[in-house]
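J.: Structure, please.
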Amino acid sequence: FMFDSTGLAGYDVVAFETMTHEGEEYMVHADIEDEGQIVDVIDIHTTAANPATGDNLGSTAEELRLTDTVAYQNLTPGNTYKLVTTLYDSAEGKEIIGADGNVASAETEFAPEAEDGTVDVPMTVKTDCAGGHTLVFFERLLDSEGNTVATHADAEDEGQSVHFADIRTNAVDADDGDKNVVADGTAQVTDAVTYGNLVPGKEYILTGTLMDKATGEPLKDAKGSVVTSTAAFTPEKADSTVDVAFEFDATG
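T.: Have a look, this model is predicted:
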């Protein structure tokens, strides 16, 4: 049989046979429960997560450990399989290359106890340059002989994706929008934060701190308190801006 199996992942396909002689049917084998007639079509789908946060939001770091939880269907219990995952940068439109010059990847061997289940594939990757990007896990399932029996490589699949936010800011005098603040009892500074690659509908909290450029330390007001401000917001789209307002005693 040669056929298009798109859309059959996770299903069982059963071959029915009919034998004829001189136009007359005289033998049939059409038992939908007969294991000998059944071919299992394997299915895999995944949920990518940052174990540190428990969701699909990444953080930029020298090294970050991510986990790809792969759910499978229709495997043969007791057989040995290998899951190979690679990382794809949807912003760049290409696979991520690791420090060794090879595609960033990880693999896990397992022998399922049941036809359906899950298996975790951990991967440690450099994410210090991932701000504003979305990394997507691509998976390939191999049998014990090295044959590929299932793949899942959809750059648009939210379940396979880990989002890395990016922010940059522009601070101004709240009174007139310039870069000069009067050293008096009440000063107001507005920091316009431009963000990228957030998840729309998810709540975020921006925490701002004013720093003393001369000392490199947090700025303290006349009462000795560090000047901070927070702004909670829920973005309607991935890229936009939000203001963080500071009010403090600038005397001295």
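
J.: and stretch 103-123, average pLDDT?
T.: Here stretch 103-123 scores 92 as its mean pLDDT.

J.: okay, how far is it across it, tip to tip?
T.: 12 Å (CA to CA, to the nearest Å).

J.: Would you mind listing the outside residues contacting it?
T.: 40, 65-87, 95-98, 125, 137, 139 (CB atoms under 8 Å, 6 or more residues apart in numbering). In short, each C-beta sits where N, CA and C put it, glycine included.

J.: if we go to 7 Å?
T.: For stretch 103-123, the external contacting residues (CB atoms under 7 Å, 6 or more residues apart in numbering) are 65-75, 77-87, 95-98, 125.

J.: now do stretch 214-222
T.: Taking CB under 7 Å, 6+ apart as the rule, stretch 214-222 contacts Thr209, Leu210, Met211, Asp212, Val226, Val227, Phe248, Asp249, Thr251, Gly252.

J.: could you redo the last one with a cut-off of 10 Å?
T.: 185, 187, 209-213, 225-228, 246-252 (CB atoms under 10 Å, 6 or more residues apart in numbering).

J.: start to end distance for that stretch?
T.: End-to-end distance (CA to CA), stretch 214-222: 17 Å.

J.: Which element, helix or strand, includes the spatially most central residue of the chain?
T.: Nearest to the mean C-alpha position of the chain, by CA atoms, centre = their mean, lies Val162 at 1.7 Å. Assigned by DSSP states H and E, Val162 belongs to strand 161-164.

J.: Could you list every helix and strand that that strand packs against?
T.: Packing partners of strand 161-164 (3 or more CB pairs under 10 Å, 6 or more residues apart in numbering; DSSP states H and E): strand 43-49, strand 57-58, strand 64-73, strand 81-89, strand 134-142.

J.: out of those strands, which comes closest to Ala192?
T.: With CB to CB as the criterion, Ala192 lies closest to strand 57-58 of the helices and strands packed on strand 161-164, at 22.5 Å.

J.: tally of neighbours for Gly54?
T.: Residues contacting Gly54 under the criterion other CB atoms under 10 Å number 8.

J.: same thing with Ile167?
T.: 16.

J.: swap in Thr86?
T.: Thr86, neighbours per other CB under 10 Å, totals 19.

J.: Please name the bridge partners of it.
T.: Ser105, Phe138 (DSSP bridges).

J.: element containing Glu247?
T.: strand 240-248.

J.: just Val13 next, same as before
T.: strand 12-14.

J.: and that strand, what other elements does it pack with?
T.: strand 38-40.

J.: ok, and what's touching the strand it packs on?
T.: 1, 5, 8, 10-15, 31-32, 73-76, 115, 149.

J.: which stretches of the stretch 101-250 of the chain form strands?
T.: 105-110, 117-125, 134-142, 148-152, 161-164, 166-173, 187-196, 204-209, 211-212, 217-218, 228-233, 240-248 (DSSP state E, counting those that start in this stretch).

J.: any idea how far the second one is from the chain center?
T.: Strand 117-125 sits 13 Å away from the centroid of its parent chain (CA atoms, centre = their mean, to the nearest Å).

J.: From the contacts of stretch 214-222, list just the buried residues.
T.: Ala187, Leu210, Val227, Phe246, Phe248, Asp249, Ala250 (16 or more other CB atoms under 10 Å).

J.: Output these as CSV; include the columns distance to Asp143.
T.: Converted to CSV, those look like this (distance: CB to CB, whole Å):
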residue, distance to Asp143
Ala187, 68
Leu210, 59
Val227, 61
Phe246, 60
Phe248, 65
Asp249, 70
Ala250, 69
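
J.: Just give me the closest of those residues to Val181.
T.: Nearest to Val181 among the buried ones among the contacts of stretch 214-222 is Ala187, at 4.8 Å by CB to CB.

J.: nearest spatial neighbour of the closest one, skipping sequence neighbours?
T.: Sequence neighbours aside, Ala250 is the residue nearest to Ala187 in space, at 3.6 Å (criterion: CB to CB, 6 or more residues apart in numbering).
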